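*Asks:* here is the input, now give the coordinates:
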Amino acid sequence: MKTQKELEFIFAEAKAIIRKFLGEGTDLFLNKSFATFLSNKDLRSCTASSIIGTLIYCAKVDLTPCNIIGDVFVYTSVDPVNATLQAYPVLGYKGVNKLIMRTGKVSVINAEIGRAHV
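*Replies:* Sure thing, here's the model as predicted:
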């Protein structure tokens, strides 16, 4: 598991790339993202390259990785080739809604909660 200093170093490496996508919003994005990774032992155990890849993906779509907000969830899986833990982003329904609304082609999204009857 990475220490806070190791995680800070990884985020510093990603900062220049992320700035290309977010400009002035980079620091806020990284601060929010850092809290997500720091608070989760599994995410702190992921490879640096998968953490940076997740951050870059989220910056490209301008959504913050946070398992509480629900725009982008960050999950982990074990790479079967080298047995390392990898972080990967998954768009949540809130993130999908935000991306759809940004197109300007949609003004309202109606959604209902669906539950299976068992």
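*Asks:* what's in contact with the helix or strand bottoming out on mean pLDDT in the chain?
*Replies:* Across the helices and strands of the chain, mean confidence by mean pLDDT, DSSP states H and E is lowest for helix 93-102: a mean of 91. In this structure, residues lying in contact with helix 93-102 by Cβ atoms under 8 Å, 6 or more residues apart in numbering are 61, 63, 69-72, 91, 106, 109, 111. To be clear about C-beta, it is placed using only N, CA and C from the backbone, and glycine gets the same treatment.
*Asks:* just the buried residues of that helix, please?
*Replies:* Going by neighbour count (16 or more other Cβ atoms under 10 Å), the buried part of helix 93-102 is 95, 97-98.
*Asks:* how about the helices of this structure, start to end?
*Replies:* Assigned by DSSP state H, the chain shows helices spanning 4-22, 26-38, 41-44, 48-61, 93-102.
*Asks:* pick the most buried one from those.
*Replies:* helix 48-61 (a mean of 19; mean count of other Cβ atoms under 10 Å).
*Asks:* ok, the spatially closest residue to residue 66 that is not a sequence neighbour - contacts?
*Replies:* Nearest residue to residue 66 in three dimensions, chain neighbours excluded: residue 36, at 5.0 Å (Cβ to Cβ, 6 or more residues apart in numbering). Residues near residue 36 by Cβ under 8 Å, 6+ apart: 43, 64-67, 74.
*Asks:* out of the helices of the chain, which gets nearest to residue 84?
*Replies:* Nearest to residue 84, of all the helices of the chain, is helix 48-61, at 8.1 Å by Cβ to Cβ.
*Asks:* remind me what that closest one packs against, helices and strands.
*Replies:* helix 4-22, helix 26-38, strand 72-78, strand 85-91 (3 or more Cβ pairs under 8 Å, 6 or more residues apart in numbering; DSSP states H and E).
*Asks:* where does this structure dip in pLDDT?
*Replies:* Counting by pLDDT under 70, the chain has no low-confidence residues at all.
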